[in-house]
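J.: sequence and predicted structure are below.
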Amino acid sequence: MPAELSFSAGDVAQVRFAVSPMWEIGTGFKLVNSGSTHAVHRPWVEQVRPRVVAAGLDRGWLAELIPPSGYVPDFLNPAPDGPAPALAEELAGILATSGARVRRDLDRLQQEQGLRGPRLRALYAAPEAGLARLAEEIETYWELAVAPFWARIRAVLDADVFHRARLAAEHGTGYLLNDLHPEVSWDDRALRLARRRRMLSRPTAGAGLLLIPSAFTGPEPLTRVRPPEPPQLAYPARGTGALWDSPPAGSTDALAAVLGRSRTRLLAELGAPASTTELSRRTGLSPAAVSQCLTALRAAGMVSAHRAGRSVLYARTAVADAVLATVGP
């Protein structure tokens, strides 16, 4: 029997969307740390996994909290207050989790996954101190694995929300819910989730529904229920299949006439985030020349910078992608 969540008129009125950095962190980390390949996300995983391993995150707090499959502690995904919270806001929600709530989630994790590791034992014994250490590791993972790509990921998630909001405006909330995923259906004031093992009820799930598009959830939707917050339903975002596609290759002579050959060459090399040292090695430009060009490109909004340990990774922005696509064939 599928799990069902009943809806009153008030619940329907509280259905809303949110883009959540923590949902991308949790589901993305599961992909990176699983050791398996993923057809869509392989280009990203191959770039990110060596950095995660080098930083020791494959054997840290997240590795103990996020198993390859199954339950992930609910406190990692506090309900977003707005449509697009910053990571700092979600970390504040995690840090505010009560010790009792942390222990309940860890009890369930142990029941479903087995013995706890040393970090989770420490978190169970002293939740406040453990959450502070966890938040530091989440920030490190974000800078290494997500922040350099966030503009690209966010564009896909925002486009999904725009598309589905238009569906709701044109056809109603019922049509929107039926269109989310083949395993999600709406009928007669109830939402049915085909593969959810635990039953849902309004007294134990909270009011309304929070819909969260995600790039890394995989083929099946994920749920998170933590009353009195609204239940969360994370579903695969439209357009994820083309997330790591590069702009079409073509002559950049016209762009070089405007930006200069060195800056144009660097933009072309930044299909994947890279450090100044890497870019110098690839292009033959001196580190000083690379740094000067990147500073100018960043000021123009074409490049973003993200600290990764002792180095800084530079990434091409959506503005630069659009420009390069324009000068393609």
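T.: Great, that's in hand.

J.: give me the domain ranges for this protein.
T.: 3-241, 253-326 (automatic domain parsing).

J.: need the mean per-residue confidence for the last one.
T.: Confidence over domain 253-326 (mean pLDDT, whole number) is 85.

J.: need the domains of the chain in CSV (columns: mean neighbour count).
T.: From N, CA and C alone the C-beta is placed, and that goes for glycine too. Shown next, in CSV, are these (neighbours: other Cβ atoms under 10 Å):
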stretch, mean neighbour count
domain 3-241, 17
domain 253-326, 17
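
J.: mind telling me which of those domains the model trusts least?
T.: domain 253-326 (a mean of 85).

J.: measure it end to end?
T.: 12 Å (Cα to Cα, to the nearest Å).

J.: pull the distance from it to the chain's centre.
T.: The chain centroid and the centroid of domain 253-326 are separated by 24 Å, computed with Cα atoms, centre = their mean, to the nearest Å.

J.: going forward can the numbers begin at 114, since that is how I track them
T.: Sure thing, new numbering starts at 114, so read that last one as domain 366-439.

J.: relative to Arg267, how far out is the closest residue to Pro386 other than its chain neighbours?
T.: Spatial nearest neighbour of Pro386, chain neighbours left out: Pro261 (3.6 Å); criterion: Cβ to Cβ, 6 or more residues apart in numbering. Distance, Pro261 to Arg267, by Cβ to Cβ, to the nearest Å: 12 Å.

J.: likewise Val425?
T.: On the measure of Cβ to Cβ, Val425 and Arg267 end up 20 Å apart.

J.: then Ala428?
T.: 12 Å.

J.: residue contacts, Ser147?
T.: Pro181 (Cβ atoms under 8 Å, 6 or more residues apart in numbering).

J.: state the distance from it to Cys406.
T.: With Cβ to Cβ as the criterion, Ser147 and Cys406 are 37 Å apart.

J.: and if you look at Leu189?
T.: 39 Å.

J.: what of Arg221?
T.: 51 Å.

J.: strands along the stretch 114-263 of the chain, start to end?
T.: Counting by DSSP state E, counting those that start in this stretch, the stretch 114-263 of the chain has strands at residues 116-119, 128-130.

J.: which one of the ones you listed lies nearest to Val274?
T.: Each of those has some distance to Val274 by Cβ to Cβ; the shortest is strand 128-130, at 4.7 Å.

J.: what strands flank the closest one, and is each parallel or antiparallel?
T.: Sheet pairing of strand 128-130 (DSSP bridges) gives strand 322-327 (parallel).

J.: for Gln127, which non-adjacent residue is closest in space?
T.: Nearest to Gln127 is Gly321, by Cβ to Cβ, 6+ apart, at 2.8 Å.

J.: residues touching that neighbour, list them.
T.: Gly123, Asp124, Ala126, Gln127, Val128, Arg129, Pro343, Pro344.

J.: make it 10 Å
T.: 120-121, 123-129, 192, 315, 342-344 (Cβ atoms under 10 Å, 6 or more residues apart in numbering).

J.: with Ala418 instead?
T.: Ala260, Pro261, Pro386, Thr389, Leu407, Thr408, Arg411, Val425, Leu426, Tyr427, Ala428.

J.: Glu296 now?
T.: With Cβ under 10 Å, 6+ apart, Glu296 has these contacts: Pro115, Arg305, Leu306, Ala307, Arg308, Arg309, Pro332, Glu333, Pro334, Tyr348.

J.: so which of those residues comes closest to Ser393?
T.: Relative to Ser393, the closest of the contacts of Glu296 is Pro332; by Cβ to Cβ it sits at 40.4 Å.

J.: any idea how far Leu322 is from that closest one?
T.: With Cβ to Cβ as the criterion, Pro332 and Leu322 are 21 Å apart.

J.: same check, this time on Pro343
T.: 6 Å.

J.: same check, this time on Phe329
T.: In terms of Cβ to Cβ, Phe329 sits 21 Å off from Leu322.

J.: check Gly148 too.
T.: 34 Å.

J.: so what does the top helix by length along the chain touch, helix or strand wise?
T.: Scanning the chain for the helix with the most residues, using DSSP state H, yields helix 263-284. Judged by 3 or more Cβ pairs under 10 Å, 6 or more residues apart in numbering; DSSP states H and E, the packing partners of helix 263-284 are strand 128-130, helix 134-147, helix 286-292, strand 322-327, strand 345-349, strand 416-421, strand 424-429, helix 431-439.
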